[in-house]
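Peer 1: My questions concern the predicted model and sequence given below.
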Amino acid sequence: MSVKKKQSLAQLAYDRIRERILKGEYPPGSALSRRKLAEELGMSLLPVSEALQRLDGAGLIESRPRAGTRVRIPPKREVLERYMLREALESQAARLFAVNATAKERDELRRAGEQLDKLYQICDEGDNDPEFLYSVRLKHVRFHLRIAEGGQCSILQAAIEREQDMLYNWLSDRVAQIRPLPPRFHSVLAEAVSGNDALAADEAARQHIRYAQTQLVEVIELPSSDRWRRNKKDDQAD
């Protein structure tokens, strides 16, 4: 097999496994078997192993000697710290958006907020189709990135893109399925940020992130650390 073909297979395996994780087909805590994944994807173990190494590096999965591989469950402390960082980054992005965004960007953000609220309302009404939920999750990420882009600070934008971890968005959206979001949750943020008051935009972004953090910690059971024990499901994870 050529190096190029091997790399393309590893990339394909990475993309497919990542998508399944982010769609909730492999929820946090699920054991992952290299052999089973290779069979499902119709590949050898080598590209699947390379894909899992990348996913481990990206923080989506974790492996332990003699305990196997599983979809990662971030510990509570990490969740709190990641949301503290997101609050700092996104509140600054909101301030910059309020000052620097064009009229077109402001209109687009307001429309995106309204659309997102409608989509989450559909979710609240019982549409649990994985493909639909995944598309909503992507729009959710895109909504926040619009604010970063409109702030016109490329370094800040890049930092926010790095923090838009899809696993955290999966967990956040899982909370939304259990406990519906407040009415007009994203529209309220969009309206505040697309105004001309930088302080109001800053505060709205902080409240938005804090609410998401609080709900996630209250609803999702999170471990106190990264440590985890071998269980029966992990026996088939190699």
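Peer 2: Okay, I see it.

Peer 1: For the longest helix seen in the chain, name the packing helices and strands.
Peer 2: Ordering each helix of the chain by length in residues (DSSP state H) puts helix 76-100 first. Counting contacts by 3 or more Cβ pairs under 8 Å, 6 or more residues apart in numbering; DSSP states H and E, helix 76-100 is packed against helix 130-150, helix 154-163, helix 166-178, helix 185-193, helix 198-219. For the C-beta atoms, the positions are set from N, CA and C on the backbone; glycine is no exception.

Peer 1: so where is this protein shaky, pLDDT-wise?
Peer 2: Residue ranges of the chain with pLDDT under 70: 1-7, 127, 165-167, 226-238.

Peer 1: related to what we said a few turns ago, what's whatever helix or strand comes next after the longest helix of the chain packed up against?
Peer 2: On the C-terminal side of helix 76-100, the nearest following helix or strand under DSSP states H and E is helix 103-124. With contacts defined as 3+ Cβ pairs under 8 Å, 6+ apart, the packing partners of helix 103-124 are helix 130-150, helix 166-178, helix 185-193.

Peer 1: If you count neighbours, what's buried in the last one?
Peer 2: Neighbour-count burial for helix 185-193, with 16 or more other Cβ atoms under 10 Å as criterion, is recorded at 185-193.

Peer 1: Look at residue 69 and give its secondary structure.
Peer 2: Recorded secondary structure, residue 69: strand (DSSP: H, G, I helix; E, B strand; the rest coil).

Peer 1: dump the residue contacts of it.
Peer 2: Residue 69 makes contacts with 31-34, 52, 56, 61-63, 237-238, as judged by Cβ atoms under 8 Å, 6 or more residues apart in numbering.

Peer 1: coming back round to it: how far does the longest helix of the chain sit from its chain's centre?
Peer 2: Counting by Cα atoms, centre = their mean, to the nearest Å, helix 76-100 is centred 15 Å from the centre of its parent chain.

Peer 1: What residues sit buried inside that helix?
Peer 2: By neighbour count on 16+ other Cβ under 10 Å, the buried set for helix 76-100 is 76, 78-79, 83, 86-87, 89-98.

Peer 1: To what extent is residue 138 buried, counted in neighbours?
Peer 2: Residues near residue 138, counting by other Cβ atoms under 10 Å, number 13.
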